[in-house]
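A.B. asks: need the 3D shape of this:
(chains A, B, C and D)
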There are 2 protein chains.
Amino acid sequence: MPNWETPLNEKNADAGADRRTQLRDRLIDIAQETVAAQGLDGLKARDLAAAAGCALGAIYTAFHDLDELILRVNARTLARLELALDAAFVDAEAEQALEAMARAYLSFARKEEPSWRALFEHRLPPGAPVPAWYADDRNRLFSRLDAPLAQLLPGKDATARAALAHTLFSAVHGVIALGLEEKIAETPPKLLDEQLGVLIRLLAAGLMMESARLI
Amino acid sequence: MPNWETPLNEKNADAGADRRTQLRDRLIDIAQETVAAQGLDGLKARDLAAAAGCALGAIYTAFHDLDELILRVNARTLARLELALDAAFVDAEAEQALEAMARAYLSFARKEEPSWRALFEHRLPPGAPVPAWYADDRNRLFSRLDAPLAQLLPGKDATARAALAHTLFSAVHGVIALGLEEKIAETPPKLLDEQLGVLIRLLAAGLMMESARLI
DNA sequence: AATTCGGCATGAACACCGTTCATTTTCTTG
DNA sequence: CAAGAAAATGAACGGTGTTCATGCCGAATT
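C.D. replies: Numbers count the residues shown, from 1 in each chain, chains lettered A, B, ... in the order given. You can find the predicted model right below:
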């Protein structure tokens, strides 16, 4: 058991910890590039160690699992996705904001398809709980829809709005996920653009009606 | 290369082929049970051979791959799903039929969650084409929506209707998939029921408006 | 400064995976 | 019944993630 409690008075008391986080970051960087280029299945412990210039076992001094490393990579992907959604968020009309975010989501999925797929392909071992920091990162995604929905449905309370945000996001995700999935249908890009527009038009019409009913 | 072209005049000329298909069916049966109980990851070649009472190599006399076996298992799952959707298809009002099918889809996903997940978790090796027989089985799913949509939108042509069916199915699938995905949100069952209802109400309202516009 | 000592990086080794193929076994055939 | 072809077998292969006895190195002590 290391002497964590009494760090010595040296200036580089926890130099070991520094090198640890340095290695962590380097491994996450490389894993991120690997996943972006070859998908989750392209991530191999030995290749990763070779690319990072460290020993195979060193990976397991920085992370408990490869799963933990993958969650870190996915967290970064989520952060990039948030940035992409925010960039699309023109706070003009609520309806247009929702459409812009849906289009941005499709655009991101296309541009970073392997990384985006990794968000949903990865499963932790059965019984392993999702780390709180990852759940938070993910929940922030849905909250992006909150402001437009509040504008569109002022009568709804916050929890109902959060549930609706989740539902709308899931619906858009479903269309995009199955549309990009070549195994399911191989939808031509133009058709997918069009069908996403159809979905949004249908949902928007429904929201308008909902809004009218609540008034 | 076996002498397929000239089966001999014996009564059990192709006894080998019979035993082959017999073994195939037995392996699919066992794999189906395994996937239903433990998910795709629970399917191991050695366990499968042991359960079937055959040699490890015998699996590869019946199937080229484990992937091929998995596709067969998934095809059976698709067939059961089709049955479940058909059972829910009360051909009364189109809107109610669509809702009933969505509810039946959620019910099936809950009752056979590991098998249902296997439909979407499984990926064939990169570059491998999807067998035509599997693509057909999958396309039949969407076609279930065609009749209600035709009733609801008589103006739309068949290809547009097929695309719309695909879109609606995908949206419902997205809500159910992310709702059942504990990694994403752990939606309480009652809330998921409710949100599926919300989605259907929104989409139905949109379809009504679409229908009105087309007339 | 020499010497001990403790903690950490190391990569060979382990358990397990899907897949193959030399060997054995089985069956058909002349 | 013998000879040959055909098919089943499971040990072996190459690959995976993970572990842990080993040796190294830097710090503390005499």
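
A.B. asks: ok, residues contacting stretch A:190-202?
C.D. replies: A:98-99, A:102-103, A:106, A:171-172, A:175-176, A:179-180, A:187, B:163-164, B:166-167, B:171, B:202-203, B:205-207, B:210 (C-beta atoms under 8 Å, 6 or more residues apart in numbering or on different chains). All C-beta atoms are positioned from the backbone trio N, CA, C, and that covers glycine.

A.B. asks: stretch A:38-46 too?
C.D. replies: Residues contacting stretch A:38-46 (C-beta under 8 Å, 6+ apart): A:31, A:34-35, A:56, A:59, A:66, A:70, A:114, A:117-118, A:121-122.

A.B. asks: so does it get close to DNA strand D?
C.D. replies: Yes. Contact of stretch A:38-46 with DNA strand D (C-beta under 7 Å from any atom of the strand) involves A:43-46.

A.B. asks: could you pull out the buried residues of that stretch?
C.D. replies: Buried positions in stretch A:38-46, judged by neighbour count with 16 or more other C-beta atoms under 10 Å in any protein chain shown: A:39-40, A:43.

A.B. asks: how long is it from one end to the other?
C.D. replies: 15 Å (C-alpha to C-alpha, to the nearest Å).

A.B. asks: what about it, average pLDDT?
C.D. replies: For stretch A:38-46, mean pLDDT is 98.

A.B. asks: neighbours of residue A:102, how many?
C.D. replies: Neighbour count of residue A:102, defined by other C-beta atoms under 10 Å in any protein chain shown: 25.

A.B. asks: chain center to the helix or strand hosting it, what's the gap?
C.D. replies: Using DSSP states H and E, residue A:102 sits in helix A:94-111. Centre-to-centre, helix A:94-111 and its host chain are 14 Å apart (C-alpha atoms, centre = their mean, to the nearest Å).

A.B. asks: with stretch A:189-208 instead?
C.D. replies: Distance, centroid of stretch A:189-208 to centroid of chain: 23 Å (C-alpha atoms, centre = their mean).

A.B. asks: quick one: the host helix or strand of residue A:212 to helix B:189-214, angle?
C.D. replies: Using DSSP H and E, residue A:212 sits in helix A:189-214. Orientation check (axes from the mean of the first three to the mean of the last three C-alpha atoms, to 10 degrees): helix A:189-214 against helix B:189-214 gives 100 degrees.

A.B. asks: quick one: average pLDDT of helix A:189-214?
C.D. replies: pLDDT averaged over helix A:189-214 gives 92.

A.B. asks: could you give the angle of it to helix A:94-111?
C.D. replies: 150 degrees.

A.B. asks: still on that earlier bit, would a markdown table of the buried residues of stretch A:38-46 with distance to residue A:193 be doable?
C.D. replies: Formatted as a markdown table, these follow (distance: C-beta to C-beta, whole Å):
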| residue | distance to residue A:193 |
| --- | --- |
| A:39 | 24 |
| A:40 | 27 |
| A:43 | 31 |
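
A.B. asks: dump those to TSV, plus secondary structure.
C.D. replies: Listed next are the buried residues of stretch A:38-46 as TSV, based on DSSP: H, G, I helix; E, B strand; the rest coil:
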residue	secondary structure
A:39	coil
A:40	helix
A:43	coil
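
A.B. asks: closest to residue A:76 out of the residues of stretch A:38-46 next to DNA strand D?
C.D. replies: Distance to residue A:76 across the residues of stretch A:38-46 next to DNA strand D (C-beta to C-beta) is lowest for residue A:43, with 13.8 Å.

A.B. asks: now residue A:144: phi and psi?
C.D. replies: Backbone torsions of residue A:144, given as degrees, to the nearest 10, read phi -60, psi -30.

A.B. asks: which non-adjacent residue is nearest it?
C.D. replies: Leaving aside its chain neighbours, residue A:144 sits nearest to residue A:85 (5.2 Å; criterion: C-beta to C-beta, 6 or more residues apart in numbering or on different chains).

A.B. asks: my understanding was that that neighbour contacts residue A:103; is that so?
C.D. replies: No. Taking C-beta atoms under 8 Å as the definition, residue A:85 is not a contact partner of residue A:103, at 10.2 Å.

A.B. asks: those two: which is more packed in?
C.D. replies: residue A:85 (19 against 16).

A.B. asks: what secondary structure does the more buried one sit in?
C.D. replies: helix.

A.B. asks: list the contacts for it?
C.D. replies: By C-beta under 8 Å, 6+ apart, the neighbours of residue A:85 are A:101, A:104-105, A:108, A:141, A:144.

A.B. asks: which one of those is nearest residue B:149?
C.D. replies: residue A:105 (25.4 Å).

A.B. asks: the residue in chain A positioned nearest to DNA strand C in helix, strand or coil?
C.D. replies: In chain A, the residue that lies nearest DNA strand C is residue A:57 (1.9 Å; C-beta to the nearest atom of the strand). Secondary structure, three-state DSSP: residue A:57 is helix.

A.B. asks: repeat for residue A:128
C.D. replies: Once three-state DSSP is applied, residue A:128 turns out coil.
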